[in-house]
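Undergrad: Fold the following and give me the result.
(one chain, ligands or ions: 2)
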Amino acid sequence: MAKVRILFVDDEPNVLQGLQRLLRPLRDQWDMETAGGGSEALERLAQTPFDVIVSDMRMPGMDGAELLNRVMLLYPGMIRIVLSGYSNQENFSRSIGPMHQYLSKPCTLAQLENCINRACFLHDHLKKNQTLLALISRLQTLPSMPALYTQVVSELKQDEPSLEKISQLIFQDPSMTAKILQLANSSFFGFYSQIADPLRAIKVLGLDMIHSLVLTYQIFSQLDSKLPATFNLAKLWNHQLCVAQASKKLVFLWGLNKSIREEAFLAGLLHDLGQLILAANYPDEFLRLLALSQDIFPSVQAEQDALGVTHADLAAGLFALWGLPTSIIEAVLYHHQPPPAWFYPAPTAVTAVYVAEQLIQAPATDDVAPYLETLNLLDTLPSARKICQDTLAGASELEGWPHE
Ligand SMILES: [Fe+2]
Ligand SMILES: [Fe+2]
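TA: Ligands and ions are numbered 1, 2, ... in the order given. Okay, the predicted model is just below:
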């Protein structure tokens, strides 16, 4: 197998020397080169191709964000990883954009190796899957990254995001504003006060939840008119809200940090988007698979047999094209089966979405037990089951998808 070519970029020579020493044991797998800044990195990339770039964030001249933005435009197939010493940049909202993965300094050899190996594995899995690529290239109706979402995220990336500016953007879409108002008044999210003011509704839900809702709502809107009349959009919307909310609570149960909670919520909201894409593009095939499965959505096995890929592959492939963070792509890809054992030695958003999906679809199932055991979380299964059952019970009051 060809070696993975990796370019490390940092303005501090000591850091680059330290990395070279740290990574020496991996020289049989990786070809590593270094650059002392953004301009030097771009010159190096113009001369010879690399598979992965790992960059510091704060550098004089061109900073890491600008460098990775340029790399994204010039070499969209490259894997982009940030290795930064500033933990305040770990804020998930800010990470949506030019990077695939985020690592904080100092990191161990095992962390760096695992991060790069996962990114390469996913890249190969999605970009070299000819069936998936052919399916995506044949799609007539591929949702685009919603412009409104891009605008909201760009405001969120400011040092001090303005709630007023974000609200003004959201108010451009009256049906989405109505949906946000409805959710802010719903006890499903644990809010019990009556809120009539949309600005207050945005404040109550919080910007992190809002940006996830904007993305999902806008994608649903793009595909709504393309779906077969019998497609149950309300059911899918509510199911994704349930998985998102339960995933977030599971992350809390396992004591993981806030950025993982936000990742889990967004991934939960997006996890079954592949169903929408299939139904909008192949309505006849979708309805045939639906009839076979005798359920509200086709079975994963029926999709695999008929198309060679599943709705999970399809959505993960689309999010990879959009450049969403790897944690989201992985959580979507592995919501029907756990990731390979080496992927994560500890629970993450991927764990939360997989467990939430299984326990919401089949509350009594023990299928998640072996995976939880590998993460030393088996004793949390009864609490996880209760969280998912309570979330499902609370969903009965959700009104579903608003058809005009
Ligand atoms: Fe699914
Ligand atoms: Fe699902």
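Undergrad: ok now do the closest residue to N238 other than its chain neighbours, which residues does it touch?
TA: Nearest residue to N238 in three dimensions, chain neighbours excluded: L398, at 4.9 Å (CB to CB, 6 or more residues apart in numbering). Where you see a C-beta, it was placed from the backbone N, CA and C, and this is true even at glycine. Applying CB atoms under 8 Å, 6 or more residues apart in numbering to L398 gives the contacts S186, F188, N238, L241.
Undergrad: 10 Å - rerun?
TA: Q182, L183, S186, F188, F189, A234, W237, N238, L241, C242 (CB atoms under 10 Å, 6 or more residues apart in numbering).
Undergrad: Looking at those, which two lie furthest apart in space?
TA: F189 and A234 (17.6 Å; CB to CB).
Undergrad: Looking at the two, which one has more neighbours?
TA: F189 (18 against 14; other CB atoms under 10 Å).
Undergrad: who's in contact with the more buried one?
TA: L183, V204, L205, G206, M209, L241, Q245, K248, G394, L398.
Undergrad: which of the residues you listed count as buried?
TA: L183, V204, L205, M209, L241, Q245, K248, G394, L398 (16 or more other CB atoms under 10 Å).
Undergrad: Give me the pLDDT value at the closest residue in space to the second one that isn't next to it in sequence.
TA: Okay, so that is V204. Excluding the flanking residues, the one nearest V204 by CB to CB, 6+ apart is A184, at 4.8 Å. A184 carries a pLDDT score of 83 in this model.
Undergrad: Name the residues of the helix or strand encompassing E262 that come out as buried.
TA: E262 is part of helix 258-270 when elements are defined by DSSP states H and E. Buried residues in helix 258-270, counted by 16+ other CB under 10 Å: S259, I260, R261, E262, E263, A264, F265, L266, A267, G268, L269, L270.
Undergrad: Also stretch 176-184?
TA: Buried residues in stretch 176-184 (16+ other CB under 10 Å): M176, T177, K179, I180, L181, L183, A184.
Undergrad: hang on, E397 packs against S187?
TA: Yes - assessed by CB atoms under 10 Å, E397 is found in contact with S187 at 6.8 Å.
Undergrad: For this structure, which element, helix or strand, carries the lowest mean pLDDT?
TA: Within the chain, no helix or strand scores below helix 92-95, which has a mean of 40 by mean pLDDT, DSSP states H and E.
Undergrad: any low-confidence regions in the stretch 301-404 of the chain?
TA: 323, 400-404 (pLDDT under 70).
Undergrad: For P49, grab phi and psi.
TA: With angles defined as degrees, to the nearest 10, P49 sits at phi -70, psi 150.
Undergrad: what about the spatially closest residue to it that is not a sequence neighbour, helix or strand, and which?
TA: Of all residues not flanking P49 in the chain, R5 sits nearest, at 7.0 Å (CB to CB, 6+ apart). Per DSSP H and E: R5 is located in strand 4-9.
Undergrad: And the residue of the stretch 201-350 of the chain that's closest to ligand 2?
TA: Using CB to the ion, D272 is the residue of the stretch 201-350 of the chain that sits closest to ligand 2, at 4.3 Å.
Undergrad: That residue: neighbour count?
TA: Neighbour tally, D272, other CB under 10 Å: 21.
Undergrad: That one reaches V332, doesn't it?
TA: Yes - counting by CB under 10 Å, D272 touches V332, with 8.6 Å between them.
Undergrad: Overlap in contacts, these two.
TA: Contacts common to D272 and V332, judged by CB under 10 Å, 6+ apart, are H311, A312, A315.
Undergrad: now for the lengthiest helix in the chain, which elements pack on it?
TA: Criterion DSSP state H: the longest helix present in the chain is helix 233-253. When contacts are defined as 3 or more CB pairs under 10 Å, 6 or more residues apart in numbering; DSSP states H and E, helix 233-253 packs onto helix 207-224, helix 258-270, helix 273-281, helix 349-361, helix 381-394.
Undergrad: can you tell if the last one touches ligand 2?
TA: Read it as helix 381-394. No - judged by CB under 5 Å from the ion, helix 381-394 and ligand 2 are separated, with a smallest distance of 12.0 Å.
Undergrad: any residues touching that helix, and which ones?
TA: So helix 381-394 is in contact with 186-190, 238-239, 241-250, 252-254, 352, 355-366, 368-369, 372-373, 377, 380, going by CB under 10 Å, 6+ apart.
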